[in-house]
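Visitor: here is my input, please return the structure:
(one chain, ligands or ions: 2)
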Amino acid sequence: MTGPSNAGKPRTLYDKIWDAHIVDTTDDGTSILYIDRHLVHEVTSPQAFEGLRMAGRKVRRPDQTIAVPDHNVPTTADRVNGIENPEGRIQVAELDKNAKEFGLNYYPMNDVRQGIVHIVGPEQGWTLPGMTVVCGDSHTATHGAFGALAHGIGTSEVEHVLATQTLIQKKSKNMKVEITGKLRPGVTAKDITLSVIGATGTAGGTGYVIEYCGEAIRDLSMEGRMTVCNMAIEGGARAGLIAPDEKTFAYVNGRPHAPKGAAWEAALNWWKTLYSDDDAHWDKVITIKGEDIAPVVTWGTSPEDVLPITANVPAAEDFTGGKVEAARRSLDYMGLTPGMALTDIKIDAVFIGSCTNGRIEDLRAAAGILKGKKLADGVRGMVVPGSGLVRAQAEEEGLDKIFTDAGFEWRLAGCSMCLGMNPDQLAPGERCAATSNRNFEGRMGYKGRTHLMSPVMAAAAAVAGHLVDVRDVMVETETA
Ligand SMILES: CC(C)[C@H](C(=O)O)[C@@H](O)C(=O)O
Ligand code: SF4
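Guide: Ligands and ions are numbered 1, 2, ... in the order given. Next up, the predicted model:
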């Protein structure tokens with residue numbers, strides 16, 4: 001067995017967390033990592049629990065395993081009977097059975113703490129700096145915002161982690177994405193993360209763990225940092241990380257499962273060592289000026305199909321190689337004419353929610369634009385808080401009223417329309433301004449069309465009835 005041997009050498013944040021979790025490493029560099037927190041949802045866990053049961057094994061650390069249904073749950077009042085698809089009903093019932101049988105930390109559908117797994121984890125203080133966090137879900141990258149090494153795993157790995165609280169991994173390379181300086185008004189964390197993917201492509205991060213840094217990242221709230229890390233996976237990276245700082249500690253402090261008293265002080269001492277050393281080695285570095293980032297929207301069916309809202313819809317010929325055909329297909333699916341202004345794209349629906357942008361700050365930002373306004377004629381809108389607690393907080397602040405007055409539906413927590421695994425779906429051909437993270441063909445409903453953007457951009461589009469530059473709306477509001 002080889003233990004951490006890099007102490008003393010300059011290391012990145014990723015190196016430090018990795019080294020601190022090695023149980024063993026073989027000669028080919030494959031390691032067994034200790035896993036601190038294991039989140040499970042209903043979609044990718046039933047077979048893992050079944051495998052465990054068949055092997056006569058138990059969950060190694062039920063106290064560190066957190067279960068919550070999110071993908072299939074209806075966001076309307078009748079949660080239990082509202083699950084239309086039989087498979088979804090079985091998945092939710094299985095999670096309920098497994099969570100109880102194995103004694104997991106469990107937030108069932110009728111618990112106010114239920115919500116999207118990546119919103120519940122941080123909210124409950126399960127996600128802490130320096131931890132390894134895994135879940136059978138690609139957007140586990142979200143938790144990297146706390147300076148935790150967090151990534152998705154497959155169902156067989158879910159079973160392995162359940163049984164052993166460890167994971168077999170090869171180390172990724174180190175990539176630094178620096179966003180320098182300040183963001184301009186109207187530009188948000190979502191614009192940062194989409195712009196990075198626009199610059200690097202969906203494969204740009206393949207083989208890497210990304211650390212996001214720079215003034216514009218430091219300036220973000222924890223909510224914004226989660227939005228950035230959430231989409232690291234869309235850029236192909238294994239995980240995204242942001243070094244913890246005072247904002248991180250303040251967010252974590254006092255959460256139900258955060259350490260308390262002397263344990264808090266000890267944790268804080270370790271967390272304060274979690275940054276990349278000055279002369280640490282980076283395998284790839286990308287630098288983007290914060291002031292160069294504009295509010296962006298996607299025009300195609302891949303998150304890399306992204307442009308500033310001031311641009312026109314591109315033509316397939318604007319691309320090279322395999323991207324030409326991909327762009328042609330995207331444009332055809334999205335029903336767009338090359339050369340038309342992005343702001344001329346009319347929408348039928350607006351979805352504000354998901355693990356990318358379903359937190360309280362996102363709802364506040366959207367409500368800020370929607371206050372005293374109405375959804376454009378013929379446009380339907382849905383606001384889906386990321387958790388029951390986000391929903392309660394929003395109601396306390398009167399945000400629900402702003403949304404319903406504007407004509408939006410105010411729903412219960414879940415993945416909702418982000419992934420049409422539940423009753424919330426687009427109708428064929430419907431075009432949606434969405435705050436989620438994937439614009440794949442049919443994801444939000446058969447033949448549905450998705451344009452990804454920030455909450456303020458989605459809110460502005462809701463009022464206009466077409467994609468619009470939120471900065472124009474902000475100017476109107478200021479001068480009104
Ligand atoms: C269902 C789940 C496995 C999937 C994921 O891994 O990301 C989903 O959350 C998604 O966003 O597509
Ligand atoms: S909200 Fe969307 S992206 Fe997030 S876990 Fe649910 S389906 Fe996946």
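
Visitor: tell me the contacts of whichever residue of the stretch 351-480 of the chain sits closest to ligand 1?
Guide: Per C-beta to the nearest ligand atom, residue 419 is where the stretch 351-480 of the chain lies closest to ligand 1, at 5.0 Å. C-beta coordinates here come from the backbone N, C-alpha and C atoms, glycine included. By C-beta atoms under 8 Å, 6 or more residues apart in numbering, the residues touching residue 419 are 71, 438, 443-444.

Visitor: what about residue 228, which SS state?
Guide: helix (DSSP: H, G, I helix; E, B strand; the rest coil).

Visitor: may I have the phi/psi pair for the nearest residue to residue 325 once chain neighbours are set aside?
Guide: Of all residues not flanking residue 325 in the chain, residue 316 sits nearest, at 7.5 Å (C-beta to C-beta, 6 or more residues apart in numbering). Main-chain torsions, residue 316, degrees, to the nearest 10: phi -60, psi -30.

Visitor: how many neighbours does residue 316 have?
Guide: Using other C-beta atoms under 10 Å, residue 316 is surrounded by 16 other residues.

Visitor: thought residue 331 was touching it, still the case?
Guide: Yes - counting by C-beta atoms under 8 Å, residue 331 is a contact partner of residue 316 at 6.5 Å.

Visitor: how about residues contacting the helix with the most length in the chain?
Guide: For the chain, the longest helix by residue count, based on DSSP state H, is helix 86-101. Residues outside helix 86-101 that contact it (C-beta under 8 Å, 6+ apart): 40-43, 45-46, 49, 67, 69, 71-73, 83, 104, 106, 108-109, 421-422.

Visitor: from the chain's centroid, how far away is it?
Guide: Chain-centre distance of helix 86-101: 24 Å, with C-alpha atoms, centre = their mean, to the nearest Å.

Visitor: close to ligand 1, is it?
Guide: No - on the criterion C-beta under 6 Å from any ligand atom, helix 86-101 is out of touch with ligand 1, staying 9.9 Å away.

Visitor: show me what the very next helix or strand once past that helix packs onto, helices and strands only.
Guide: The helix or strand immediately downstream of helix 86-101 is strand 105-106, counting by DSSP states H and E. Strand 105-106 sits against strand 65-67, helix 86-101, with contacts defined as 3 or more C-beta pairs under 8 Å, 6 or more residues apart in numbering; DSSP states H and E.

Visitor: partner strands of strand 105-106 and their direction?
Guide: When pairing is defined by DSSP bridges, strand 105-106 lines up against strand 65-67 (parallel).

Visitor: what lies in contact with the partner strand?
Guide: Under C-beta under 8 Å, 6+ apart, the answer for strand 65-67 is 37-41, 45, 59, 95, 98-99, 102, 104-107, 117, 120-121, 124, 126, 162.

Visitor: what mean pLDDT would you report for that strand?
Guide: Strand 65-67 comes out with an average pLDDT of 98.

Visitor: again with stretch 375-392
Guide: On average, stretch 375-392 scores 98.

Visitor: can that stretch be found next to ligand 1?
Guide: No - Stretch 375-392 does not reach ligand 1 (C-beta under 6 Å from any ligand atom); its nearest approach is 12.9 Å.

Visitor: is ligand 2 contacted by that stretch?
Guide: No - Stretch 375-392 does not reach ligand 2 (C-beta under 6 Å from any ligand atom); its nearest approach is 7.7 Å.

Visitor: how about that stretch: buried residues?
Guide: Using 16 or more other C-beta atoms under 10 Å as the test for burial, stretch 375-392 gives 375-376, 379-392.

Visitor: before we move on, back to that, mind putting the contacts of residue 419 in CSV, neighbour count, pLDDT and distance to residue 411 included?
Guide: Formatted as CSV, the contacts of residue 419 follow (neighbours: other C-beta atoms under 10 Å; pLDDT from 0 to 100; distance: C-beta to C-beta, whole Å):
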residue, neighbour count, pLDDT, distance to residue 411
71, 21, 98, 15
438, 22, 98, 20
443, 21, 98, 18
444, 26, 98, 15
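
Visitor: near ligand 2, from the residues you listed?
Guide: Counting by C-beta under 6 Å from any ligand atom, the members of the contacts of residue 419 near ligand 2 are residue 71.

Visitor: quick one: residues in contact with stretch 360-380.
Guide: 188, 221, 223-224, 227, 347-350, 352, 381, 383, 385, 390, 393-394, 397, 399, 402-403, 405-409, 435, 454-456, 458-460, 462-466, 470, 473, 477.

Visitor: among these, which ones are buried?
Guide: 188, 223-224, 227, 347-350, 352, 381, 383, 385, 390, 393-394, 399, 402-403, 406-408, 435, 454-456, 458-460, 462-466, 470, 473.

Visitor: among those residues, which lie within helices?
Guide: Of the positions in these, 223-224, 227, 390, 393-394, 399, 402-403, 406, 455-456, 458-460, 462-464, 470, 473 sit in helices, assigned by DSSP H.

Visitor: on that earlier part again, would you mark the buried spots in the longest helix of the chain?
Guide: 88-89, 91-92, 94-96, 98-99.
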